[in-house]
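Undergrad: Build me a model:
(one chain, ligands or ions: 3)
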Amino acid sequence: MIERTLGQVADMCGGRLIGTASPEKKIAGVAIDSRKITTDVLFVPLGGANVDGHAFVEGSLQAGAGASLWQRGREGAPEGALIEVEDVLEALQQLSSAYLLESGAKVIGITGSNGKTTTKDMVFALLGDSFRVHKTQGNFNNHLGLPLTLLSMPEDTEIVVLEMGMSDLGEIALLAKIAPPDVAIVTNIGESHLLNLGSRENIARAKLEIASGIKPGGLLVYNGDEPLIPLVLKEIEHSLPEGLRTFTFGLEGTNDDYPTGMMRRGGGMTFSARSEGDLCFSLPVLGSHNVTNALAAMAAARTFGVGSAKMKDGLATMQLTGMRIERLVGISGLTILNDAYNSSPTSARAAIDVLAALDGYASNILVLGDMLELGEQEREYHREIGRYAAKAGIRAIYAYGPLSADSAEGALETMGAGSVHAFLDKEEMIAHLRRNLKPDDAVLVKASRGMKLEEVVYALRDEPLVIEGV
Ligand SMILES: CC(=O)N[C@H]1[C@@H](OP(=O)(O)OP(=O)(O)OC[C@H]2O[C@@H](n3ccc(=O)[nH]c3=O)[C@H](O)[C@@H]2O)O[C@H](CO)[C@@H](O)[C@@H]1O[C@H](C)C(=O)N[C@@H](C)C(=O)N[C@H](CCC(=O)N[C@@H](CCC[C@@H](N)C(=O)O)C(=O)O)C(=O)O
Ligand SMILES: Nc1ncnc2c1ncn2[C@@H]1O[C@H](COP(=O)(O)OP(=O)(O)OP(=O)(O)O)[C@@H](O)[C@H]1O
Ligand SMILES: C[C@@H](N)C(=O)N[C@H](C)C(=O)O
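TA: Ligands and ions are numbered 1, 2, ... in the order given. Just a heads-up that it's a prediction; the model follows:
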């Protein structure tokens, strides 16, 4: 994490020392919450939905913070070491960018509608044995999370792997300005945040802002199965960096890299890749979408000189962040695929494909919650995913949420009423599931973050299943 004198911090973020701030005083780390103050930390007071962080500056200093930023022109500055800035959030971003520059760390930026976190975990697994690597923690992938990730980075970090998230145009451009990538990955163009963007074309434009931020001579790794990406690259070619290199990955043989042999093995995947000859790789996670995530991660690792053997070991032992097609065993032996972190049509189809391909189970059951932020076509998207699940041969569908009633409708076009259940009450659905699931069933739980369907997963693991009939 950042350790600098107040004089250095002021220079790095365009601030001015006021109050008792001494240029030689050192800070260690950054905090945005006064309830998490550590000795000599720099407190950063931000505005929120409930309160403004400036209300906690005095308390933070009394609790041991080395100093605090203070918004220029704001009344009521307390006694203590303050750094006055034009805008606190911008100062935080500027400080993080300056710290990154001084560290000399290389940047791998990862964006895309789905797979940022998964691919980040894969890149970390591929590079971690050869370099000092720092990565986004959790889902800290926005205008606030990315700067905090940078400021928590050890000074001797060699490579920082940053998730770059967005829900509107201009957001990725800002993140790529704060941390210009040496390598940028675009995992895919789905439908996430269509509500704001309005079209998949605009989602592609938003994601490809990362390309314009790449350093000269840098590398853009992107999903070559997505036709919108080259279209937008053509559109923005005037803004692309000098000497930009590109590398495509995907399932189609037209890409620079693609799986030459892919299959499910136990709870994971095995595959070979065009770029790696006939070497066989294994992944401890299901889904062909995770194989394409792995190809993207391998392309990034290869540019840092990571060889095939290290890639093989890294992928085989990678730790994936939970709730992404996470395979769990429920009470009574039930198999659960916990994919409840988030959802959108593209990731829901990918998850349904995984469930449908699982053989050896009595029944493959889908628990499908609403997909949020899809904009005006949301009901049609839900009907379509219901149809998709029915056509995939899912044995029974439990639809939860107001929009998922449309998913149920779509499924009922070809499935019997006894196999499709729609709920608005989570507890009622859980009770129904516990009565009807069998220990040798497989159940996939999939919904957007806002639906909190992990509660269903907990319920299918905590209590013994009460099996009454089918
Ligand atoms: C500013 C802040 O800290 N926000 C967090 C805070 O929100 P809230 O508004 O409730 O804050 P308060 O009003 O309570 O407090 C204001 C500040 O005062 C501090 N404070 C409060 C009380 C006190 O006693 N002492 C204090 O010092 C307090 O710390 C505040 O700073 O709390 C929420 C609940 O914990 C947090 O969720 C909220 O964090 C916001 C959302 C945030 O952006 N956090 C980032 C670190 C982050 O990266 N969060 C990610 C989610 C990112 C995400 O959604 N990404 C999108 C894509 C990008 C979309 C983009 N348009 C966007 O806006 O994000 C995606 O799809 O992935 C995460 O948490 O996972
Ligand atoms: N390449 C992909 N194509 C489709 N779905 C994917 C892909 N990679 C991951 N997913 C699925 O998308 C969901 C989110 O995965 P992950 O958290 O890795 O992506 P993310 O981009 O970080 O998501 P978010 O933007 O919601 O934070 C999970 O259900 C996961 O299984
Ligand atoms: C908040 C945003 N990052 C997100 O994940 N939105 C989904 C659709 C949700 O909130 O469920």
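
Undergrad: where does the stretch 201-350 of the chain come near ligand 3, residue by residue?
TA: Taking C-beta under 6 Å from any ligand atom as the criterion, the stretch 201-350 of the chain approaches ligand 3 at residues residue 342. To be clear about C-beta, it is placed using only N, CA and C from the backbone, and glycine gets the same treatment.

Undergrad: Tell me where the stretch 201-350 of the chain has strands.
TA: Secondary structure of the stretch 201-350 of the chain by DSSP state E, counting those that start in this stretch: the strands cover 219-223, 245-249, 259-265, 268-273, 281-283, 326-329, 335-339.

Undergrad: Please name the nearest non-neighbouring residue to residue 452.
TA: Once flanking residues are discounted, residue 452 sits nearest to residue 340: 7.8 Å by C-beta to C-beta, 6 or more residues apart in numbering.

Undergrad: contacting residues around the one you found?
TA: Residue 340 is in contact with 323, 369, 445, 446, 447, 451, 452, 453, 454, 456, 457, counting by C-beta atoms under 8 Å, 6 or more residues apart in numbering.

Undergrad: looking at this, the third one is in a strand?
TA: What it means is residue 445. Yes - under DSSP: H, G, I helix; E, B strand; the rest coil, residue 445 sits within a strand.

Undergrad: Distance of the residue nearest to residue 452 relative to residue 368?
TA: Residue 340 is 11 Å from residue 368, where distance means C-beta to C-beta, to the nearest Å.

Undergrad: Between those two, which contacts overlap?
TA: Listed as contacting both residue 340 and residue 368 by C-beta under 8 Å, 6+ apart are 446, 447.

Undergrad: got a pLDDT number for the residue nearest to residue 452?
TA: Predicted confidence (pLDDT) for residue 340: 96.

Undergrad: likewise residue 117?
TA: 96.

Undergrad: Residue 351 reaches residue 342, doesn't it?
TA: No - counting by C-beta atoms under 8 Å, residue 351 stays clear of residue 342, with 10.7 Å between them.

Undergrad: neighbour-wise, which of these two wins?
TA: residue 351 (24 against 21; other C-beta atoms under 10 Å).

Undergrad: so who does the more buried one touch?
TA: Residue 351 touches 287, 325, 337, 339, 343, 444, 446, counting by C-beta under 8 Å, 6+ apart.

Undergrad: For those residues, which two are the farthest from each other?
TA: Within these, 287 and 343 form the most distant pair, 14.0 Å apart (C-beta to C-beta).

Undergrad: Any regions of the protein where pLDDT drops low?
TA: Where the chain drops to pLDDT under 70, the residues are 463-470.

Undergrad: How about the residues of it by ligand 1?
TA: So the chain meets ligand 1 at 32-35, 46, 48-51, 53, 56, 138-142, 144-145, 148, 165-168, 171 (C-beta under 6 Å from any ligand atom).

Undergrad: ok, back up a step: which ones among the contacts of residue 351 come in contact with ligand 2?
TA: Residues of the contacts of residue 351 in contact with ligand 2 (C-beta under 6 Å from any ligand atom): 325, 339.

Undergrad: if we take the contacts of residue 351, which one ends up nearest to ligand 3?
TA: Using C-beta to the nearest ligand atom, residue 343 comes nearest to ligand 3 of these, at 7.4 Å.

Undergrad: Next one: the closest one from ligand 1, what distance?
TA: Noted for residue 343: a distance of 12 Å to ligand 1, by C-beta to the nearest ligand atom, to the nearest Å.

Undergrad: burial count for that residue?
TA: Neighbours of residue 343 under the rule other C-beta under 10 Å: 26.

Undergrad: Pull the contacting residues for it.
TA: Contacts for residue 343 (C-beta under 8 Å, 6+ apart) come out as 351, 369, 370, 371, 446, 447, 448, 451.

Undergrad: Kindly report the same for residue 100.
TA: Per C-beta under 8 Å, 6+ apart, neighbours of residue 100: 107, 150, 153, 160, 178, 179.

Undergrad: where's the residue lying closest to the second one once chain neighbours are set aside, which helix or strand?
TA: Distances taken as C-beta to C-beta, 6+ apart place residue 96 nearest to residue 150, at 3.9 Å, with adjacent residues excluded. Take DSSP states H and E as the rule and residue 96 turns out to sit in helix 88-103.

Undergrad: one step back: could you dump the strands of the stretch 201-350 of the chain into JSON lines with mean neighbour count added?
TA: Shown next, in JSON lines, are those (neighbours: other C-beta atoms under 10 Å):
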{"stretch": "strand 219-223", "mean neighbour count": "25"}
{"stretch": "strand 245-249", "mean neighbour count": "20"}
{"stretch": "strand 259-265", "mean neighbour count": "15"}
{"stretch": "strand 268-273", "mean neighbour count": "20"}
{"stretch": "strand 281-283", "mean neighbour count": "20"}
{"stretch": "strand 326-329", "mean neighbour count": "16"}
{"stretch": "strand 335-339", "mean neighbour count": "24"}
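
Undergrad: Quick one: neighbours of the spatially closest residue to residue 204 that is not a sequence neighbour, just the number.
TA: Once flanking residues are discounted, residue 204 sits nearest to residue 228: 4.0 Å by C-beta to C-beta, 6+ apart. Taking other C-beta under 10 Å as the criterion, the count of residues near residue 228 is 18.

Undergrad: Check the contact between residue 228 and residue 201; I expect there is one.
TA: Yes - counting by C-beta under 8 Å, residue 201 is a contact partner of residue 228 at 6.2 Å.

Undergrad: So for residue 388, which of the strands of the stretch 201-350 of the chain sits nearest?
TA: Across these, closest to residue 388 is strand 335-339 (C-beta to C-beta), at 14.9 Å.

Undergrad: So in that sheet, which strands flank the closest one, and in what orientation?
TA: Using DSSP bridges, the strands paired with strand 335-339 are strand 326-329 (antiparallel), strand 442-446 (parallel).

Undergrad: So which residues of the stretch 1-150 of the chain form strands?
TA: For the stretch 1-150 of the chain, applying DSSP E, counting those that start in this stretch gives strands covering 3-5, 16-19, 26-28, 30-31, 42-43, 67-71, 81-85, 106-111, 133-135.

Undergrad: Can I get those strands in TSV including mean neighbour count and distance to residue 258?
TA: As requested, the strands of the stretch 1-150 of the chain are arranged in TSV below (neighbours: other C-beta atoms under 10 Å; distance: least, C-beta to C-beta, whole Å):
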stretch	mean neighbour count	distance to residue 258
strand 3-5	16	45
strand 16-19	16	55
strand 26-28	18	47
strand 30-31	22	42
strand 42-43	28	47
strand 67-71	26	48
strand 81-85	22	49
strand 106-111	27	20
strand 133-135	22	26
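
Undergrad: circling back to that earlier point, now render the contacts of residue 100 as JSON lines, adding distance to ligand 2.
TA: As requested, these are arranged in JSON lines below (distance: C-beta to the nearest ligand atom, whole Å):
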{"residue": "107", "distance to ligand 2": "17"}
{"residue": "150", "distance to ligand 2": "18"}
{"residue": "153", "distance to ligand 2": "19"}
{"residue": "160", "distance to ligand 2": "17"}
{"residue": "178", "distance to ligand 2": "18"}
{"residue": "179", "distance to ligand 2": "17"}
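
Undergrad: filter those residues down to the ones close to ligand 3.
TA: Counting by C-beta under 6 Å from any ligand atom, no member of the contacts of residue 100 reaches ligand 3.

Undergrad: which one of the residues you listed has the most neighbours?
TA: Among the contacts of residue 100, residue 150 has the most neighbours (other C-beta under 10 Å), with 29 neighbours.
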